[in-house]
Structures are given as structure tokens and as C-alpha cells.
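Peer 1: next one to model:
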Amino acid sequence: MDINLIEKDKKSMEIEIVGEDATLLNPLLEALLADPKVEFATYRKEHPIMGNHNLTIRVKDGKPQTALKRAAKTVEKEFQEAQELLEKMLNA
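Peer 2: Numbering: from 1, shown residues only. Next up is the predicted model:
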């Protein structure tokens, strides 16, 4: 996965996420939207089967890159918890 910065200012940023699909972007977007410091977040793809996704974030407070890092940590934690539950269930 590669990430390219498209545009950034004090309160917003747009990045291109290369080689990933909604499997990663949906939980990331959900975490961003649950963050009270995030005013707006969305992702789009120009063509349904070609190209990459662009993620846009606008914050009320703080920096957009900080909000993205928080969201990524939240998603990471959720996936780790799911993995632990699956391993526990499969080893029972």
C-alpha cells in the first residue's frame, strides 16, 4: 500500500490510498466519523473498477493527520481484538 498526499492545509487533507479497497477504508472512515474532533470525512473512487481511493478529512480541532493516526490506531486495535477472539474460539 502506498499513500500519496494530494492536498493539505491546517484543517483538512486529501490523500490517495493506492492498492486498497473498501475493506480497509470503511473501518477507517467509521473511526474518523466517530472522532468528535473530525468535522467531515469521506472517500471516493473515480471509477468503480480502476484507479485508487481518495480519502478526505476535515477537522474541527487539531490536525487532520493526527485524526488519521488516531483512526488508524482505533482500527488496528479493533482488528487485534477480533483476531484474539477468533484464536480463542478456534483453540477452544
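
Peer 1: mind giving me the packing neighbours of whichever helix or strand residue 80 is part of?
Peer 2: Per DSSP states H and E, residue 80 falls inside helix 64-91. With contacts taken as 3 or more Cβ pairs under 8 Å, 6 or more residues apart in numbering; DSSP states H and E, helix 64-91 sits against strand 12-18, helix 22-34, strand 53-59. In this view, the C-beta of every residue, glycine as well, is placed from N, C-alpha and C.

Peer 1: how does it look with 6 Å?
Peer 2: Packed against helix 64-91 by the contact rule (3 or more Cβ pairs under 6 Å, 6 or more residues apart in numbering; DSSP states H and E) you find helix 22-34, strand 53-59.

Peer 1: could I get the average pLDDT for it?
Peer 2: The average pLDDT within helix 64-91 is 95.

Peer 1: can you count the residues close to residue 80?
Peer 2: Counted with other Cβ atoms under 10 Å, residues neighbouring residue 80 total 10.

Peer 1: many thanks, have a good one.
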